[in-house]
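Colleague: Provided below for reference: sequence and predicted model.
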Amino acid sequence: MNTVIANQAPLTRDNAALVLVDHQVGLMTGIRDFSPAELKHNVVGLARSAKILGLPIVTTTTSADTLWGPAFPELVAALPDQEFIDRTTVNAWDDPRVEDAIRQTGRSKLIFAGVSLEVCAAFPAMRAVREGFDAYVAVDASGTFNDTKRETGLNRLAQSGVVVADGASLMVEILADNAATEAMQVYEALNMDWSILVGQVRASAAA
């Protein structure tokens, strides 16, 4: 197996964008590598923290009215003013509106998450690499339907030069400094158990 070794420069607020692909109610019902609640938690945390950090966000659905339904309500609530580009192409990048929205961000590093991992997240991420972007997939915000799809999807991403990581780590890399004014907002958005405890301790100390 040939593996492409990628060690790109760090993600920052100025070079990164988030692309969320097809987190739709119909697709979410088939996810088997995460519970629906855990996957929703991870996707919403990723979206909210990206918004706090000021990242451009592109969101899509596939055939929402005829196949997979709308984006799940918690994500819509987290991004209330967001347009979800509805398309028919399997690869989100193949829709000119999606490609244009991604390019219009002006960012060189693209973080993808999608349902399913091996198609909705992987296909546009691999295309991004071919187009000269640095591509990342937030695996814990990208569910799929069985273990084989997960394993082969991760292998194909690695072979294609796409960086795989968890969404929280990518957002914390972008945060960069715990003294930043948005730090606690980011940690609260990610809803990490330890960050909740830290917030309680800080509140108690300030009282």
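Modeller: All right, it came through fine.
Colleague: ok, now which ones touch Val186?
Modeller: Ser49, Ile52, Leu53, Met171, Val172, Leu175 (C-beta atoms under 8 Å, 6 or more residues apart in numbering). Just so you know, the C-beta spots here come from the backbone N, C-alpha and C atoms, and that holds for glycine as well.
Colleague: could you redo the last one with a cut-off of 6 Å?
Modeller: Neighbouring residues of Val186 by C-beta atoms under 6 Å, 6 or more residues apart in numbering: Ser49, Ile52, Leu175.
Colleague: between the residues you listed, which has the most around it?
Modeller: Using other C-beta atoms under 10 Å as the neighbour criterion, Ser49 leads these with 27 neighbours.
Colleague: how close does that one get to Met192?
Modeller: 11 Å (C-beta to C-beta, to the nearest Å).
Colleague: And for Ala17?
Modeller: 23 Å.
Colleague: And Val139, by the same measure?
Modeller: 17 Å.
Colleague: Neighbour count for these two, which is higher?
Modeller: Using other C-beta under 10 Å as the criterion, Val139 and Met192 rank with Val139 on top: 22 against 15.
Colleague: What residues are bridge-paired with the residue nearest to that one when sequence neighbours are not counted?
Modeller: What sits nearest to Val139 in space, not counting adjacent residues and going by C-beta to C-beta, 6 or more residues apart in numbering, is Val164, at 5.3 Å. Val164 forms beta bridges with Val137, as assigned by DSSP bridges.
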